[in-house]
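Chemist: test case, fold it:
(chains A and B)
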Amino acid sequence: DAGVIQSPRHEVTEMGQEVTLRCKPISGHDYLFWYRQTMMRGLELLIYFNNNVPIDDSGMPEDRFSAKMPNASFSTLKIQPSEPRDSAVYFCASSLVRGQQFFGPGTRLTVL
Amino acid sequence: AQSVTQLDSHVSVSEGTPVLLRCNYSSSYSPSLFWYVQHPNKGLQLLLKYTSAATLVKGINGFEAEFKKSETSFHLTKPSAHMSDAAEYFCVSNAGNMLTFGGGTRLMVKP
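Modeler: Numbers count the residues shown, from 1 in each chain, chains lettered A, B, ... in the order given. Below you'll find the model as predicted:
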């Protein structure tokens, strides 16, 4: 298996633009997680899905953020409109039930 | 509620000397515990995990960690540091499917 795949690896955009981050989990994993990493706040869980259903989105910072998982092999995290304070590295991870989480390489987002 | 505390935000060692990265956890029950490593501009890679089997856990790249329930600690060690060990290390606790991350320890290795 290729592991968790994220795209793009780097994204630079201007304030106010819509940003879409993509994730393909490891085949067969039931859980998918979105994290954000910044120098100030470290790693934060934004949202996680179980069998494509959002279970806990309490970490999503505000309504500008939304996440979907239309099927078992694809998830998106959307920011609309983006702001400079959204600049961070966004990680996707997947796991089996109660298992080790496998992380993707991350998407480095810069909002100018 | 869980919490994970990494006692040092930065650790600096010389190449060839031992490494000790400290981690304490708090949980209402014995959690699963992990150490992840993150090299610059890379994702997180699992070093080792404790899941209530042996208390001394061996991981990749010569790292090991010992689970001590009486001290609620899970410190990471390596007998001899290598330059390639320079990275950020995260101690992580898992209850159910929710990970709780420590604040991270940046390990610097001097030649």
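Chemist: can I get stretch A:17-35 in PDB? Just the C-alpha atoms.
Modeler: Extracted as PDB, the C-alpha positions of stretch A:17-35 are listed here (Å, rounded to 0.1, in the frame of the first residue of the first chain):
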ATOM      1  CA  GLN A  17      -9.700  32.400  -1.900                       C
ATOM      2  CA  GLU A  18     -11.200  28.900  -1.500                       C
ATOM      3  CA  VAL A  19      -8.700  26.100  -0.600                       C
ATOM      4  CA  THR A  20      -9.400  22.400  -1.000                       C
ATOM      5  CA  LEU A  21      -7.100  19.800   0.600                       C
ATOM      6  CA  ARG A  22      -7.400  16.200  -0.400                       C
ATOM      7  CA  CYS A  23      -6.700  12.900   1.300                       C
ATOM      8  CA  LYS A  24      -6.800   9.200   0.300                       C
ATOM      9  CA  PRO A  25      -6.600   6.900   3.300                       C
ATOM     10  CA  ILE A  26      -5.100   3.500   3.400                       C
ATOM     11  CA  SER A  27      -7.400   1.000   1.900                       C
ATOM     12  CA  GLY A  28      -9.500  -0.900   4.500                       C
ATOM     13  CA  HIS A  29      -9.000   1.700   7.300                       C
ATOM     14  CA  ASP A  30     -12.300   2.700   9.000                       C
ATOM     15  CA  TYR A  31     -11.200   6.000  10.500                       C
ATOM     16  CA  LEU A  32      -9.900   9.200   8.900                       C
ATOM     17  CA  PHE A  33      -8.500  12.200  10.800                       C
ATOM     18  CA  TRP A  34      -7.700  15.700   9.800                       C
ATOM     19  CA  TYR A  35      -5.100  17.600  11.900                       C
END
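Chemist: chain B contacts on chain A?
Modeler: A:31, A:33, A:42-43, A:45, A:48, A:50, A:56, A:91, A:93, A:95, A:97-98, A:100-106, A:108 (Cβ under 8 Å from any Cβ of the partner chain). All C-beta atoms are positioned from the backbone trio N, CA, C, and that covers glycine.
Chemist: next step: these restricted to strands.
Modeler: Judged by DSSP state E, strands contain the following of the residues of chain A next to chain B: A:31, A:33, A:42-43, A:45, A:48, A:50, A:56, A:91, A:93, A:95, A:102-103, A:108.
Chemist: need the residues you listed in a markdown table with distance to A:Pro70, can you?
Modeler: Output for those, formatted as a markdown table (distance: Cβ to Cβ, whole Å):
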| residue | distance to A:Pro70 |
| --- | --- |
| A:Tyr31 | 16 |
| A:Phe33 | 17 |
| A:Gly42 | 30 |
| A:Leu43 | 26 |
| A:Leu45 | 21 |
| A:Tyr48 | 16 |
| A:Asn50 | 15 |
| A:Asp56 | 19 |
| A:Phe91 | 20 |
| A:Ala93 | 19 |
| A:Ser95 | 20 |
| A:Phe102 | 21 |
| A:Phe103 | 22 |
| A:Arg108 | 25 |
